[in-house]
Structures are given as structure tokens and as C-alpha cells.
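Visitor: Any chance you could fold what I've pasted below:
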Amino acid sequence: MRFILIAILVFGVYSAARSQVVTPFSIRHQTTQKGGIRYVSNSALTCAASGACVTAQSQTAPSGNAQNNDYNSAFIDMDGDAATFMSSSDSLALPGCTEITWAGLYWGGDLASTNARWATKNQVRLKVNAGTYVNLTADQLSTNTVGYATYHCFKDVTSIAKAAGANARYTLANVTATTGATNKFGGWTIVIVYKNDLQPMRRLTVFNGLTVVSNGNNTTVPISGFLTPLSGPVTFELGAVSYDGDRGQTGDNLVFNGAGTNVNVTDAMNPVSDVFNSTLSYNGVNKTSPFLIPAYSNTLGYDADIFLPNNSAKNYIGNSTTSANILLTTGGETYLTQVVTLAIDVYEPDLRSSVRVLDLNGGQVEPGDVLEYTVTGKNIGSDPAVNTFIVDTLEGNAVYVPNSITITRGPNLGAKTDASGDDQAEYIAASRTIRVRSGTGANGVAGGQMQNSPQGVDSTVFTFRVTASSDCVVLACDNIIDNSSYIYGTGNVSGNVFSNASNPDIFDGNGCPIPGSTPTAINSVTCPPPVAGNSGPICAGYQLDLTASASSVVGYSWTGPNGFVSGISNPSITPATTAASGVYTVSITVPRSSCLLSITTTATVTGPSNSNGLAGVAGSGASQQVKPVSSQGGLYLDAGCNPISRTVGSGAAPVTGSVDSRVWVETAVPSFAGQPFVSRHYDITPAANAGTATGTVTLFFLQSEFNAFNAATGSTLKMPTGPSDAAGIANIRVGQYRGTSTGNTGLPGSYTGGSSSVIDPPDANIVWNASASRWEITFPAVGFGGFILQTSPFVLPVTLVSFNGEKMATDILLKWQTSSEGNSARFEIQYSTNAVTFSTLGQQQAAGNSNSIINYSWRHQSPAPGVYYYRLKLVDIDGKFIYSNLVAVAVGDPASFRVLVNPVKGGSLQVSFARAGTAYITNLSGQVLKQEKVSTGNRQIDVSQLRRGVYLLKAGSSTQKFIVE
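Guide: Next up, the predicted model:
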């Protein structure tokens, strides 16, 4: 049995009352893996050239007694590079199947603060093999004045060592120290922590700090937090990096006490009472040429040694032991220790997994082929693993085949469901993860026990299937399925949790497992490349639609002009301005893949060609556009991108289909029946149901047109003189003339075959659009035709605040409110089923004269199903009258539809329709964003292009809000 660790090693330093601990030792790096620790080291100083120096350098331990006390120091400089003042080298030679997992460079030396190189002591140069030097600056620097004037540095060089590999030469330059004097020292060591799957599992720990060990000032390093095996061998490796350990000066020892007795740690190169003796060694073997350059057997003051104590008698540490002490002692000489390393065989699981793949269709993997993956999990460690499970997460280019998980070897054989909790496996769709609980005793919630075996006799093997993606967008970004599994478990004895990634179950020429994922290339040569597009060129005010090749799997990220960003495939900009012109980039990503595909499209948005920003030129006839009312939010523009008007379907019988919107601008302020109206006037004519369709209309006007009206009329009821003119805003009335304009003039007198009415737009709907420099007047329309803007012609016998109608059970309740009345006689309530021919329902006595709010109502009892149009005939005591605006109410029409899922997730609105027809989706302002023909029954409407928010669904006379998340 091997050494058992059940917790992280705890490392500290204890010393006597006269402690010489400069920097307490702490864990720099710790891991549990198959492998070990090695040093790459050399000295920075040697003796000044002389015959005696050569003799000193060649003394092989334990013989000889040459010390740096006897020689003036000089830099080692072997690289022949004039840019370096010091250089020395060492090679790393590790066996096959080795991977560097961590590397730390330590250097230091004797150096006074007055030395010219004091300021650059934390800077060195490192070269790998025959490469060029790279400059390094220490991550950590400490200085010492106890017994010496020294400095000590650390630099993490893991990335360099990983790139260099298991067999590399390292040359370090410009480690500074004091030269030209005796008793001086300096050197460097790269501590290499490596992984090798062919070696035992070990706990690998690197400690660093600084202690000055002198006579009477021994240092104790306690370690704890482990448990040795109850029986069997306990083995370990112990290393130390020290300065100024002199050859031949006795009394210095490295001592280990894990069994109640201090036992010296020695080997053939490092004898008792002279362990720190200027050597670079591993397991009692001195480093020599060709590894070291120069290969001095006596470094004259620098030690970097790793010991492999013989613990067969368990005199260092025995079974069932939870702590030990490392002692650094001396009987005379003084030395400094900067690094201690420990590598201990551990009693732990070693969980491994591998993934193989087979194309069940044979031949080259084509889009849509079915692939079968075989995943193997095993424990080749020394401790059984409990709560063992394996996960495999799919990339976006692989589509899981439902209920395809089958355990084919080991406990719990058989097919498994995708559901959680009912057996040992499940497929988690949200994260695209397959999870299999393995080992004896595994069930629907917990993994079982996997016995340890170097041959993996208790392994679990399971298979699952995927379909190679046929999504060309996915394949353009990433057509290689990289599959990896991860195995997890807990040591049965230690209680430590372990995990490991899979390999492809293939090996190199040396028999070493090749790490990484299992790749499978999908042949995608028949796929067209993804493209991006847009609906331009368009006019400003319209909706700019951006499009990218469709995929239900990938992620989209758009960027563009004016700070535009979006995370959906086909976003829109509503309304688009000229600032929206430019290049748009969509970045496409595939789930669990590192691929990034970027494509671009260039959009053009054109502003109005007229200098005043509106359609129509005085005296030049009509400017018009004919198009579906549902497109571009109902905004109508002429050929020069100049706005005409806006019409949106709303109300009881929403206008649909093609609408002809026209505008005229007269050269002078026109009049009708002796009353002037604004020179800009309109005709809006739907192709279907022009007399009965309902909607919301927005008309545009210029302030200059209002000014001309005011100047021409001299009326006391003026148009607003500016945005803050509340009285002028309140004066505005819209005259509506139903029917057809004879001669295509759009003038009020040219309309035949229809009625007329007065519309008093709410003041809140008469707004000044500062960015467009225009007035926008919005009002509900019942029936369409000509529209003019006036004030004085519409002086009513009453001030009508509101007039509306609503269904009340089987009746229709009409309500209206007045704020003032002058000589008013009565209200005649009229209705129509076609908005052309009206009948009188009855009449209501008026107040006569009043300056107070008065509320009126009328109930139309039990009308037959249909759409009814109501108006008030306001009659004064002289018999003069005028009509109110129309109100439309639908009755006898049960709910046309029902939203089944609200809020909407996933881009699909699910609706049950009671009858066939047209469904409209609008924003809360009534702007139609989408319309679609629907049939009866449950239907799905694609709303993936809608941003998050609240919207209205309209069909027939029914309207319902829904939320997109």
C-alpha cells in the first residue's frame, strides 16, 4: 500500500527562541497526480580562475573540502554572449508520456545593497535550447540581512516549461551576486512538477520561504493533514534548495521525524553531518556533463538535491501516522534554505475515461449521419472510488438521439432512459449533457463504487448516439465535433474528490495516451456559406430589417452604426434614420464551441428629398404611395422618401390590405363653404371597405402651413403658433369627407357618395416632433376618404369632451360628456351598419346652456350581431346642427381566439383560433408589426423577431395582450 493523504498538506515553520526564519515557508504549488518533481539547477558563481580553482571545482562529493571561504568569487559565463555577464545551463530529461504541469524559477545570492547591480537583482534572462533569451522579472522578491546580505527571487515559468516539453535545455543569465571576494554564493533552480501516466499517483508539494540555519538555530518544518496507510510501505521523496552549504564543514543535517525519532536524510552524495555540501543531485547521483554546463562537481556554495529515503523499516514514518517534522540543523556552519519539496505516494483513486466514435452510416461523416460514441470509465489507482459518475456534454454540431444511452459493460447493464431519477443515466437537454452514474450500487441519484485495478477490471462502458448536424450555419462555423467526457469520484478511504478529462483512447509511438477530445469531421462541402443581408436601401422612417442565415442552434451577436447591438438572428431598427446607414457585422457562435464566424452587410437609409421634410409640393398635384397598410408600421412615403401620413388598423373593423395615401399642398390657403382650411390636405382610401374600415390615422403638417392659415383667416380660432400654444392646439379640428374625390383634387367639395363628420383629436395626440420639425396629429377614423384641417368652421353648440361606446351584456352603451353648452336643444343618436346610411335610435334632451361637466348616456338594446357605427347629431335651438365623430362597436362576436401560453418563450406564440381570418400583432401604440392569415384550431405564430416587451394580438373584434421574454 502507498501513502494515504486525506487532506491538503499543511506546511509551516517552527524554530527555537532565537529563530532565524526570515520568510515563513508556505505552499507555493500542490497537486495530486501521477508523476513527480525534478530540479533544473546550476550555480551562478564559482572560484576565480586558477589551478587550485580547477581542483576545487572537480571534487566529487562526499570527498574534498574546497569551500567558497577559500576562493575569490567570479561569475560563471558560458554562453559566449557579450550581452550577459553571467550564464549557466542545465538540461531536463524526463521519460516518455511526461507532461509539465507547473514550473517555478528560484534564484538568489549574496549581494549588498551598495552593489552596482542591486537595482536589477530581480531581472534575469532565460533561454530554452538554442532559442533566444527572454527577459524575466521576478513575481516575488525578498531580501535578508540575518547573517548575510542576500536576496531571493521567484518567477512562475509554467508556460515556458510546458512549451519546452519534457526534454529541454535551460540557460539562465544575469543572476547577480558579489564577485571578487570570499564566502560568496549564488545560483538558480527551476522546480519542475510533471505528470506521467505510467508512474505512481503522488501528492506533489512545493514549499518556499527563507530560513537562516546557524549553530543553535535549527529550523523545524511541521507537516500534517495526511494519513499513512494502515499497513504496507510508505515512500516519499524530499528535496531542498540551499545557499552556502560548504563541503567538509560538518554538523549540517536534513532530518525527518514521522515515527517519533529524528532520522537523518542522507544519500551517497550527501553524507550525515555534511548534507548541504555544494551539490546538485537526485537520489545520490551527482549531476554531470552533458546535463550541466559547466559541470562543476563542487558548486562552492549552492545545493539543489532531491533525496529518496529508504523507509522500508518505517523508521522515517510508519503506518497510521498523521503528522511529521522536517528539521534543518547545523552544528557549526551557517546556510540558507529557500525551497523544500515533497513527493509522496498516495492511496487515492486514479479515475480515467476515454471516448471512441463510430459512424454507423459508414464512410465519410456526412450531415445527418448517426454517430455512436463509446465512453469508458475506470479506476486504475490504489483506492476504490465512491459516488462515481461520468458526464459528456455535446457541442452544438451534434444532436443527441433520444433514449440512446446504454451501459454495455460493468454494473447496471442495459438501456437507460433520458429522464432523471429513474435509473443510472439521463440526458439534460438544457445543458446538452449526458450523465451516467457508474459502479456497484449506482442508482437514480448517486454514483456507485468503482473498484481500483491497474487493468481497469471494474470499468464501466456506455454508448450513446448523436446525429451529425445538417445545419449549414453551424457547420460553417464548426464542422468538427470535439467530444470529451469527464469522470468524477471520491476516494473511499481519503474522502478526497477527484476528476479527470477523457482522452481519445489512442496512443503515440511510445505507448503514451494522447490527451484531448475525440474529434470527428463532418463533410460540409455542399453547404452554402452563411450570409447577412438587409432590407435596404430604404427610406428614413421605415423599418430596417437585418437578416442572417437561419439556424435554431447558433448564437447571434450584431453590431453596427450608431451603437447598434442585438442578440437575435434577424433584428430590426424601427424607425430607421440616416444614422443607421453603414456596415453591420453579425458574429455567430456555436454552443460549447470556440468557433466565431463573422459576416457583414451594408445598409443604406435615405432621408427625405424635400427640404421641408414632408411630401407634397405646392401646386404640383398629389404625392402618393399605394402599399399594404401592414407594412412599415403604416407609414406612407413618396418616391423621394418624404413622409405622407401613417395609417394603422385598429378599432372594430381594422383596415387591411392595400391603402392609397395621397397629399396635396395648395398654393394658397383654400376654403370650403366659406371657411378656410390648411393648405395641406389628404385622401386615404383603402382598397377594401373604405366606408366602414376603422383605423388610427396620423397626419403631418408644417408650422409654416399653420402660420399661413392664421395670416389668411384672421380668425380668433387660430392654429397653434408653436409647440407651447395650448389654446391653438385645442382649436384644431379634422374634417372627414367619405366617398370619392371627383377629379382627384382631394378638395372637400369634390367628394360624392358619402357623409362627412368632425373629428376633435385629443390634445395629447397633437404633438410637435422636434427632431422632424413637423406637427403630428393622430386620431381614430371610422371610414376613410378626404381629411382637412380647420378651426373656425366647427363651432359646436356644445363642447363635446368625449363620445364612446361599449358592449354591456347584449346591449351597447353609448356615453358622451360635455364641458359647456350654448343654446343646445337635443342630441339625436344615430346608427348605421355601413357607416353611410344612418337611422335615428332616439334623442336625448340637452342642457341648453351650461358651463359644467354633464354626462349623457344611451343604451341600444339587444342589437343583432355585427359592427355598428354611431354618431351624435348636435342640434341647437335654431335647428342648426352638426355631427360628432363616429364610434364603431362590434357585438355578438364571441372571442375570436385565445393565447395558450403567456408570457411567450422560445419565439413561438401559441394561439387557439375560433375562426379563420387575419391576425395582427401590434405594439401598444397600435403600430402593426406583423399580420398573418390563420385558420381555426391551435396555431403557432413566429414572434422570434420581436424584442422583449408587451404586444397586442388582434383578430376579429378580439384583442389580447401578450408578453415576449
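Visitor: Quickly list what Phe464 is bridged to.
Guide: Tyr373 (DSSP bridges).
Visitor: show me the residues around it that make contact.
Guide: Phe464 makes contact with 372-373, 375, 392, 400-401, 404-406, 434, according to CB atoms under 8 Å, 6 or more residues apart in numbering. Quick note: C-beta positions are derived from backbone N, CA and C, even for glycine.
Visitor: Mark which of those residues are buried, thanks.
Guide: For the contacts of Phe464, a burial check counting by 16 or more other CB atoms under 10 Å picks out 372-373, 375, 392, 400-401, 404-406, 434.
Visitor: Could you export the residues you listed to JSON lines, including columns for pLDDT?
Guide: As requested, those are arranged in JSON lines below (pLDDT from 0 to 100):
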{"residue": "Glu372", "pLDDT": "98"}
{"residue": "Tyr373", "pLDDT": "97"}
{"residue": "Val375", "pLDDT": "97"}
{"residue": "Asp392", "pLDDT": "96"}
{"residue": "Tyr400", "pLDDT": "97"}
{"residue": "Val401", "pLDDT": "97"}
{"residue": "Ser404", "pLDDT": "98"}
{"residue": "Ile405", "pLDDT": "98"}
{"residue": "Thr406", "pLDDT": "98"}
{"residue": "Ile434", "pLDDT": "98"}
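Visitor: just so I have it, where are all the helices in the protein?
Guide: 51-57, 158-164, 472-477, 703-713, 726-731 (DSSP state H).
Visitor: deepest of those helices, which one?
Guide: Among the helices of the chain, ranked by average contacts under mean count of other CB atoms under 10 Å, first place goes to helix 472-477 (a mean of 24).
Visitor: hang on, the earlier thing: using CSV, lay out the helices of the chain together with mean pLDDT and distance to Gly907.
Guide: Converted to CSV, the helices of the chain look like this (pLDDT from 0 to 100; distance: least, CB to CB, whole Å):
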stretch, mean pLDDT, distance to Gly907
helix 51-57, 95, 78
helix 158-164, 97, 44
helix 472-477, 92, 16
helix 703-713, 94, 44
helix 726-731, 90, 42
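Visitor: Which among those helices is found nearest to Pro513?
Guide: With CB to CB, the closest approach to Pro513 among the helices of the chain belongs to helix 158-164: 17.6 Å.
Visitor: now for that closest one, which elements pack on it?
Guide: Of the remaining helices and strands, those touching helix 158-164 by 3 or more CB pairs under 8 Å, 6 or more residues apart in numbering; DSSP states H and E are strand 98-110, strand 123-128.
Visitor: mind redoing it with 10 Å?
Guide: Judged by 3 or more CB pairs under 10 Å, 6 or more residues apart in numbering; DSSP states H and E, helix 158-164 is in contact with strand 98-110, strand 123-128, strand 167-173, strand 186-196.
Visitor: Between those strands, which one is closest to Asn208.
Guide: Smallest distance to Asn208 across the helices and strands packed on helix 158-164 (CB to CB): 7.1 Å, for strand 98-110.
Visitor: can I get the CA coordinates of that closest one in CSV?
Guide: C-alpha atoms of strand 98-110 as CSV (Å, rounded to 0.1, in the frame of the first residue of the first chain):
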residue,chain,number,x,y,z
THR,A,98,5.5,13.2,-19.4
GLU,A,99,3.7,16.5,-19.3
ILE,A,100,4.9,19.5,-17.4
THR,A,101,2.1,20.9,-15.2
TRP,A,102,3.9,23.6,-13.2
ALA,A,103,7.4,25.2,-13.1
GLY,A,104,8.8,27.8,-10.8
LEU,A,105,12.2,29.5,-11.2
TYR,A,106,14.1,30.5,-8.0
TRP,A,107,17.3,32.4,-7.9
GLY,A,108,19.3,34.4,-5.4
GLY,A,109,22.7,35.2,-4.0
ASP,A,110,25.0,37.1,-1.7
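Visitor: Can you tell me the strand partners of that strand and which way each runs?
Guide: Partners of strand 98-110 in its sheet, by DSSP bridges: strand 150-156 (antiparallel), strand 186-196 (antiparallel).
Visitor: can I see the domain layout of the protein?
Guide: In the domain annotation for the chain, the residue ranges read 10-345, 351-521, 532-606, 623-794, 798-891, 897-964 (automatic domain parsing).
Visitor: out of the helices and strands packed on helix 158-164, nearest to Ala521?
Guide: Nearest to Ala521, of all the helices and strands packed on helix 158-164, is strand 98-110, at 25.9 Å by CB to CB.
Visitor: Would you mark the buried spots in the closest one?
Guide: Within strand 98-110, the residues that count as buried by 16+ other CB under 10 Å are 98-110.
Visitor: so can I have TSV of the residues you listed showing pLDDT and distance to Arg592?
Guide: TSV is the format used below for the buried residues of strand 98-110 (pLDDT from 0 to 100; distance: CB to CB, whole Å):
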residue	pLDDT	distance to Arg592
Thr98	92	30
Glu99	92	24
Ile100	96	28
Thr101	96	25
Trp102	98	28
Ala103	98	31
Gly104	98	33
Leu105	99	36
Tyr106	99	40
Trp107	99	43
Gly108	98	46
Gly109	98	50
Asp110	97	55
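Visitor: Take those residues and write them to TSV, including distance to Phe913.
Guide: Listed next are the buried residues of strand 98-110 as TSV, based on distance: CB to CB, whole Å:
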residue	distance to Phe913
Thr98	69
Glu99	63
Ile100	67
Thr101	63
Trp102	66
Ala103	69
Gly104	71
Leu105	74
Tyr106	77
Trp107	80
Gly108	82
Gly109	86
Asp110	91
